[in-house]
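In: sequence below, structure please.
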Amino acid sequence: VQLVESGGGLVQAGGSLRLACAASGRTFSTLSMGWFRQTSGKEREFVAAIGWNGDTIVYADSVKGRSTISRDNAQNSVYLQMNDLKPDDTAVYYCGATGVFYRSLLIAQKTYQYWGQGTQVTVSS
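Out: Residues are numbered from 1 along each chain as shown. Predicted coordinates for the structure are as follows:
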């Protein structure tokens with residue numbers, strides 16, 4: 001599975017961004033998808049995840065209420081809409097894919113077999 005993220009950039013605090021992740025190489029509708037983020041010197045941190053059919057959705061507390069994850073299986077893509085961005089949201093955002101669908105496992109980095117290269121999000125104060 002190949003994953004390509006897009007949509008990152010520089011935005012002022014309070015602004016919005018919509019990240020996208022395009023997948024290829026395997027039937028997308030069989031994959032659960034997740035977004036993680038990482039800053040220099042820190043572990044990759046869970047942000048949000050969505051099950052293969054969109055019924056299972058999980059958010060990290062840090063983004064809950066400000067972000068929405070969605071997917072379009074016809075477009076082989078997953079999205080992360082982020083609103084009211086804060087400087088603490090600054091990170092490289094990674095898209096991950098997994099054949100696992102258990103909700104409790106989707107928050108763990110080790111659950112994901114495939115990763116994209118990441119897209120930088122920078123939020124200025």
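In: which SS class is Val121?
Out: strand (DSSP: H, G, I helix; E, B strand; the rest coil).
In: just checking, it touches Tyr93?
Out: Yes - applying CB atoms under 8 Å, one finds Val121 in contact with Tyr93, separated by 5.5 Å. Where C-beta positions appear, they are placed from N, C-alpha and C, glycine not excepted.
In: for the residue most central in space within the chain, name its beta-bridge partners.
Out: Most central in the chain under CA atoms, centre = their mean is Trp35, positioned 2.0 Å from the mean C-alpha point. Note on Trp35: beta-bridge partners by DSSP bridges are Ala48, Cys95.
In: that one and Cys95 touch, don't they?
Out: Yes - at 6.1 Å, Trp35 and Cys95 qualify as touching, with contact defined as CB under 8 Å.
In: about what we covered before: who touches both of Val121 and Tyr93?
Out: Taking CB atoms under 8 Å, 6 or more residues apart in numbering as the contact rule, the neighbours common to Val121 and Tyr93 are 8, 19, 37.
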